[in-house]
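# sequence and predicted model, in that order:
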Amino acid sequence: MKPVSIGFLGAGKMATALARGVIQAGVVPAAQVIASDPVPAAREAFAQATGARVTDRNAEVVAASDLVVVAVKPDQVVGLLSELSAVWEVPRHLVVSIAAGVTLARMEAAGPAGLRIIRVMPNTPALVGASASAFAVGTSATRADAGQVQGVLGSVGLALEVKEKLLDAVTGVSGSGPAYGFLMIEALADGGVAAGLPRDVAQRLAAQTLLGAAKMVLETGQHPGALKDAVCSPGGTTIEAIHTLEKGGVLAALIGAVRAAADKARAMA
């Protein structure tokens, strides 16, 4: 079941990416999307990117929406839910939080009894229909609510339901993951330039290469190690490159990055 209207409490980059993604995917029209933010520049950027309405009043968003996305900073979530306690309509509203580290239990305690809440960890490629999201369902939320959120998130990419205790790990892998990918693309492009390629050619080749590698993992279902081995001819160029990456500690650094981001998400709780 599609939501009739979607509101965003907070109009930052992640809210903008999700809103633009669901509008482009046809989940809801722009006229049925609204966002609030105290910062005029954030409201203006959201409106320009999405064509949706904006306001500086949180209560206006809640009144206009049946699915409300909480997209403020983590330390503001509990206070915001409590501040709006008089305007939540328990039978009507489904609350979706995208704030890292704020548990379902804390949010449920801050809102009125029975408020349906689902906690989500999305990522910014929602803007281009290629997000990787995971969500956990609160005690009052129903299976229909879970299906609705999966439908919304699935319209802009991959959406998986997980246990709440795993969301910090999700933050480390896919929530922060686009930044790792951008760093790898930048590094591959720099390497191409160092080897003699024009910058624009090197960057496009690097980006398309990571896109292609990701599609092969998703579409073949093979282990990435097996796919890597298939590229490594005996005595060839690729195995020489892999050896260099191993010497440089790239695998260990990426594993460490995921764990560091996950630990930070836990600390934010």
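Structure received. Values in this document were obtained by computation on a predicted structure and should not be read as measured data.

# please count neighbours and contacts with C-alpha atoms only from this point.
Noted.

# how close does Ala49 sit to Arg43?
To Arg43, Ala49 is 10 Å away according to Cα to Cα, to the nearest Å.

# what's the helix or strand hosting Ile34 packed up against?
If you go by DSSP states H and E, Ile34 is part of strand 33-36. For strand 33-36, the contact count by 3 or more Cα pairs under 8 Å, 6 or more residues apart in numbering; DSSP states H and E identifies strand 6-9, helix 40-50, strand 53-55, helix 58-64 as packing neighbours.

# of all these, which one comes closest to Ala214?
Nearest to Ala214 among the helices and strands packed on strand 33-36 is helix 40-50 (27.5 Å), distances taken as Cα to Cα.

# strands of this protein, start to end?
With DSSP state E as the criterion, the chain has strands at 6-9, 33-36, 53-55, 67-70, 94-97, 116-121, 131-137, 157-161.

# so what does the lengthiest helix in the chain touch, helix or strand wise?
When the chain is parsed with DSSP state H, its longest helix is helix 199-220. Contact analysis of helix 199-220 by 3+ Cα pairs under 8 Å, 6+ apart lists helix 177-194 as its packing neighbours.

# who's in contact with the helix it packs on?
Helix 177-194 is touched from outside by 123-125, 171, 198-199, 202-203, 205-207, 210, 258, with contacts defined as Cα atoms under 8 Å, 6 or more residues apart in numbering.

# list only buried entries from those residues.
For the contacts of helix 177-194, a burial check counting by 16 or more other Cα atoms under 10 Å picks out 123-125, 171, 202-203, 205-207, 210, 258.

# report the two of those residues separated the most.
So, those by Cα to Cα: farthest apart are Thr171 and Ala202, at 29.6 Å.

# any idea how far Gly175 lies from Ala169?
9 Å.

# oops, could you answer that again for Ile185 instead?
The gap separating Ile185 from Ala169 is 23 Å, by Cα to Cα.

# what's the answer for Ala257, then?
Distance of Ala257 to Ala169, given as Cα to Cα: 11 Å.

# and what of Ala195?
Taking Cα to Cα as the measure, Ala195 and Ala169 are separated by 37 Å.

# show me where pLDDT drops low in the protein?
Along the chain, the parts satisfying pLDDT under 70 run over 1-3, 269.

# what about the residue nearest to Ala267 when sequence neighbours are not counted, neighbour count?
The spatial neighbour of Ala267 that comes closest, neighbours along the chain excluded (Cα to Cα, 6 or more residues apart in numbering), is Gly101 at 7.5 Å. Around Gly101 there are 21 other residues, counting by other Cα atoms under 10 Å.

# then Glu60?
Using other Cα under 10 Å, Glu60 is surrounded by 17 other residues.

# hey, what's the residue lying closest to Leu153 once chain neighbours are set aside bridged with?
Leaving aside its chain neighbours, Leu153 sits nearest to Ala159 (5.7 Å; criterion: Cα to Cα, 6+ apart). Beta bridges link Ala159 to Ser133 when assigned by DSSP bridges.
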